[in-house]
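>>> Just need the structure, nothing else, for what follows:
(one chain, ligands or ions: 1)
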Amino acid sequence: MTETAQKPAIDIRGVSRIYGSGPYQVAALKGVFVTIKQNEFFTLLGPSGCGKTTLLRLIAGFDFPTSGEILLNGEDIAPLPPFKRPVNTVFQSYALFPHMTVAQNIGFGLEMLGKPKSEVKSRVDEMLALVHMEAMRDRAVSQISGGQQQRVALARALAPKPKVLLLDEPLSALDYKLRKEMQIELKRVQAETGITFIFVTHDQEEALTMSDRIAVMSSGEIRQVGSPWDIYDRPTERFVADFIGETNFLAAEVVSVSGDRARVRLSSGAKIPATFPDGTTPSGKVTVVIRPEHAQVTSPSSTALSGVIHDIVYLGTDTHFHIRLQDGTSFTVRQQNSRSGPCGFSKNDPVSIALSDDVAQILRD
Ligand code: ATP
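As a prediction, the model looks like this:
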């Protein structure tokens, strides 16, 4: 392994960005620390206004931190203007030149860098092949579809061989089907080029599908960093659990802790095992989360939870059962419709809820 390969691609160290002053002051980023590995598909995920674009702009050099450092391959990039950083950006709006052809758009940046014509041509050919656009090289970009324009924007950004590619909600202008296709395409291109991708989205499904790791952001802070599995199945706090998919929150009390597992008592009196965030030792009253697909509705029996169905929503592939538990808490169960025909339960039926193994996670807060 080379020395560069051992260093993080991007190391964000205590970065803050404060806009304005006095009563108009906005803390877009509040002392963010995050390390992005070489060759990683890393996603910044969070609601509108949480600071995702600000962080991307600081890495690109379009803006500067109020405090903190950004290292690229171990070097502080503060002194480098945007065009000297080995970083390129794909914007939501594509920002292609409409009067130029596909090939001219892809080669533009290389020509600006003064690369010899033969090198520009071979690199453009390589990029056209990478994004499967060889047949359209001489088309004007105004004559190709939105998905094809997105491929050209990607090829253009990759042509100068950046070490890091920043992607700011690049798929949000595409319709659902095309977005799904482009998600697979982006993953493939990232794997084939080995370039570190930092992808910004507010779409949790997109983040889960594409990323090696995800940083969930809220109000200028990173709340949790982890693999899609960590983020979805082991959320550490309420914001993350709530933002990523649907979930059930239950009040519980810790009975015992042994190694990396706790036993908690639910309000029904049932005791179930629960995991908890690394570096914490849960005690006393806690909140546990259980995903709706990790529970099953059964006829009344001695399972962990029981209640009454107050709504049933049929969604084709799944059925959602909204259940009022004995203590008044709402609990949703999502069951796959593995057989055709009615689900066998009706509104107001008393039911029990069976939990799959190892599905409860204790939150930090
Ligand atoms: P979106 O998904 O809507 O693009 P975001 O997560 O990318 O949102 P940012 O654009 O990074 O959010 O903005 C973070 C916060 O900083 C917001 O409250 C925003 O209003 C504020 N902000 C961003 N740029 C400026 C600026 N130039 N001047 C003042 N406030 C700004």
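
>>> Point out the residues in the stretch 51-200 of the chain that sit beside the ligand.
Counting by CB under 6 Å from any ligand atom, the residues of the stretch 51-200 of the chain close to the ligand are 51-54. C-beta coordinates here come from the backbone N, C-alpha and C atoms, glycine included.

>>> OK, contacts around the closest residue in space to Gln104 that isn't next to it in sequence?
Leaving aside its chain neighbours, Gln104 sits nearest to Phe97 (7.4 Å; criterion: CB to CB, 6 or more residues apart in numbering). Contact analysis of Phe97 by CB atoms under 8 Å, 6 or more residues apart in numbering lists 104-105, 108, 141.

>>> Nearest to Gln150 among the residues of the stretch 51-200 of the chain next to the ligand?
Checking these against Gln150 with CB to CB, the nearest one is Thr53 at 18.2 Å.

>>> For that closest one, give me phi and psi.
The phi and psi values for Thr53, taken as degrees, to the nearest 10, are phi -70, psi -40.

>>> My understanding was that it contacts Leu167; is that so?
No: Thr53 lies out of contact with Leu167 (CB atoms under 8 Å); the separation is 11.4 Å.

>>> ok, the residue nearest to Phe91 when sequence neighbours are not counted to Ile231 distance?
Distances taken as CB to CB, 6+ apart place Asp168 nearest to Phe91, at 5.6 Å, with adjacent residues excluded. Distance, Asp168 to Ile231, by CB to CB, to the nearest Å: 20 Å.

>>> Distance-wise, check the residue nearest to Gln104 relative to Met133.
Phe97 is 16 Å from Met133, where distance means CB to CB.

>>> again, but for Leu56
From Leu56 to Met133 the distance is 25 Å (CB to CB).

>>> go on, Pro162?
Taken as CB to CB, the span from Pro162 to Met133 is 19 Å.

>>> For stretch 115-123, list every residue counted as buried.
115, 120, 123 (16 or more other CB atoms under 10 Å).

>>> could I get the residues you listed as TSV with pLDDT and secondary structure?
Output for the buried residues of stretch 115-123, formatted as TSV (pLDDT from 0 to 100; DSSP: H, G, I helix; E, B strand; the rest coil):
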residue	pLDDT	secondary structure
Lys115	90	coil
Val120	94	helix
Arg123	93	helix
